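S.K.: Need coordinates for the below:
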Amino acid sequence: MALARIVLEVRPEQVAAGDVWVATGADGEVAGMVALAPSAQPNTLDLDKLFVEPAQIRTGVGRALMAHAIGEALRRGAERLTVLADPYAAGFYERNGARRIGEAPSDAIPGRSVPLYEIKLD
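M.R.: All right, here's what the predicted structure looks like:
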């Protein structure tokens, strides 16, 4: 998790650009977050981060954040959203409409390959 901490860090410029959204629970505590980023591919945005607090997993927070990211990508005119996924989250992304298109180097752990997904946006 220490290696992933750097990748999950939210930079002030991401917040200033309006690319980060936070979900809170009824108690006002952070339940999760999602961020979008530009992609090197045309008409594409990257799901830069999606994190759900462990106690909030399987409560719908992740689905809500994913739906928000998809809606925002559509609003911005993207035709697809790419996701570099942790292998343990692959099922989540597949249940939320992502299709595996290959593997790519992990952005958190050197030498590790992780699933690469895409979501085609309508």
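
S.K.: Mind jotting down where the strands sit in this structure?
M.R.: With DSSP state E, the ranges of strands along the chain come out as 20-24, 30-38, 44-52, 80-84, 99-105, 113-120.

S.K.: In JSON lines: the ones you listed, plus mean pLDDT and mean neighbour count.
M.R.: Backbone N, C-alpha and C define where each C-beta goes, glycine included. Formatted as JSON lines, the strands of the chain follow (pLDDT from 0 to 100; neighbours: other Cβ atoms under 10 Å):
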{"stretch": "strand 20-24", "mean pLDDT": "97", "mean neighbour count": "16"}
{"stretch": "strand 30-38", "mean pLDDT": "96", "mean neighbour count": "20"}
{"stretch": "strand 44-52", "mean pLDDT": "96", "mean neighbour count": "22"}
{"stretch": "strand 80-84", "mean pLDDT": "97", "mean neighbour count": "21"}
{"stretch": "strand 99-105", "mean pLDDT": "96", "mean neighbour count": "12"}
{"stretch": "strand 113-120", "mean pLDDT": "97", "mean neighbour count": "17"}
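
S.K.: Let me know which of the ones you listed is the nearest to F92.
M.R.: strand 44-52 (8.6 Å; Cβ to Cβ).

S.K.: before we move on, back to that, can I get the strands of the chain in a markdown table including distance to H68?
M.R.: Shown next, in a markdown table, are the strands of the chain (distance: least, Cβ to Cβ, whole Å):
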| stretch | distance to H68 |
| --- | --- |
| strand 20-24 | 6 |
| strand 30-38 | 6 |
| strand 44-52 | 10 |
| strand 80-84 | 12 |
| strand 99-105 | 20 |
| strand 113-120 | 13 |
